[in-house]
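# Okay, sequence plus prediction incoming.
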Amino acid sequence: MQQAGPQQEAAASWRALGTLVHLVVTEPSCLPAARCLLEADLAAVDLACSRFRADSEICALQITGQTTGDTKGQQVSPLLAEAIAVALRAAELTDGDVDPTVGAAMSAIGYDRDFERIDRTGPDVPLTVRTVPGWREVRLEGRTLTMPASVQLDLGATAKAWAADRSAARIARQAGCGVLVGLGGDIAVAGPAPEGGWRIRVQDVTGDPDETPEGPYALIAIRDGGLATSSTKARRWQRGGDVLHHILNPRTGLPADPVWRTVSVAAGTCADANAASTAAVIRGRAALGWLARLGLPARLVDASGVVFTVAGWPQETPQETQSELSQK
């Protein structure tokens, strides 16, 4: 799937958490154990964090809150506590652009089940501007979670990126090799990088990584940290005359204006990269200056296909080889 320099990596792909999983290791003998660890990690994250599973821990929290009707603190597992802490940190770093309390608003626009089960077209639904409860209504002290009964948490904006960071670090530590974990548009790397770095093709139109991509793309290399792409095109559905997507503006409870088709950001962790790319979609044109001030290398593709780059993102190289890992 990927080759960089004389070193041959080993890779595997499958589906989990409603997305395509890519696992690449620099030492082929490490692949079986790395895959077992990643599969176990993702299964645990799904059971803790999925709002689409009746048996998940996060859904049980909501049921308890609806039953008690108060804000009494609840004990959560260490895994869910870590996931919520990452979501609250993303909210703080983005001034509330990435908000984990959008669960009810997500359900209201039709994203109330795994995306594969959502009808891509359907009748009109009432789209009402609503204020989400707000991340400051959620308090986490250790493993004690306190929030109003009306809050429905949705960790979809942060959980996959955090899971990629977490598993990449665990695999690198236990296997002693370089590793790349890709969960859809969220990529984390850890351990020794291949010669020349991890080569990743970033594209804004879904396609086979072994074929010439449609539309603009960029070929970059990273050695550590993470890379995330947020898109208003990848998870879309239509209700009547309205085309909806999964990135909500928490100030309206509605899908963000599709100023950007995709936003890709590199950062010290995949979780930070994803928080920035998601917030950039919500901020629209103001995202250019915001990302530049933060010094985060980013690539933004607007609705018409025009590419903008900031903070040292590499120039486009459209004639590069097509044998690289694809991200969208």
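Thanks, I have the structure now.

# Quote the end-to-end distance of stretch 302-314.
Distances were taken as CA to CA, to the nearest Å; on that basis the terminal residues of stretch 302-314 are 18 Å apart.

# So which bits of it are buried?
Asp302, Val307, Phe308, Thr309, Val310, Trp313 (16 or more other CB atoms under 10 Å). Glycine gets a C-beta too; all of them are placed from N, C-alpha and C.

# My guess is the last one contacts Ile222. True?
No - taking CB atoms under 8 Å as the contact criterion, Trp313 and Ile222 are not neighbours in contact, 11.6 Å apart.

# what about Leu79, distance to Ala266?
Noted for Leu79: a distance of 27 Å to Ala266, by CB to CB, to the nearest Å.

# out of the two, which sits in the busier spot?
For Leu79 against Ala266, the residue with the higher neighbour count under other CB atoms under 10 Å is Ala266, and the figures read 26 against 16.

# so what's the more buried one up against?
With contacts defined as CB atoms under 8 Å, 6 or more residues apart in numbering, Ala266 is in contact with Ile220, Ile222, Gly225, Gly226, Leu227, Ala273, Leu296, Pro297, Ala298, Trp313.

# Can you select the buried ones among the residues you listed for me in ChimeraX?
One line in ChimeraX is enough to select the buried ones among the contacts of Ala266; burial here means 16+ other CB under 10 Å:
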select :220,222,225,226,227,273,296,297,298,313
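
# Turn the contacts of Ala266 into a markdown table, including pLDDT and distance to Leu37.
Formatted as a markdown table, the entries for the contacts of Ala266 read as follows, by pLDDT from 0 to 100; distance: CB to CB, whole Å:
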| residue | pLDDT | distance to Leu37 |
| --- | --- | --- |
| Ile220 | 90 | 27 |
| Ile222 | 95 | 22 |
| Gly225 | 96 | 20 |
| Gly226 | 97 | 18 |
| Leu227 | 97 | 21 |
| Ala273 | 97 | 22 |
| Leu296 | 97 | 29 |
| Pro297 | 97 | 30 |
| Ala298 | 97 | 31 |
| Trp313 | 93 | 32 |
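
# ok, so of the contacts of Ala266, who is nearest Arg89?
Sorting the contacts of Ala266 by how near they are to Arg89, with CB to CB, puts Ala273 at the top with 13.4 Å.

# in terms of contact, does the closest one touch Ser230 like I think?
No - assessed by CB under 8 Å, Ala273 is found out of contact with Ser230, at 9.5 Å.

# Next, the buried residues of the biggest helix by length in the chain.
Among the segments of the chain that qualify as a helix by DSSP state H, the longest is helix 31-49. Going by neighbour count (16+ other CB under 10 Å), the buried part of helix 31-49 is 31, 34-35, 37-39, 41-42, 45-49.
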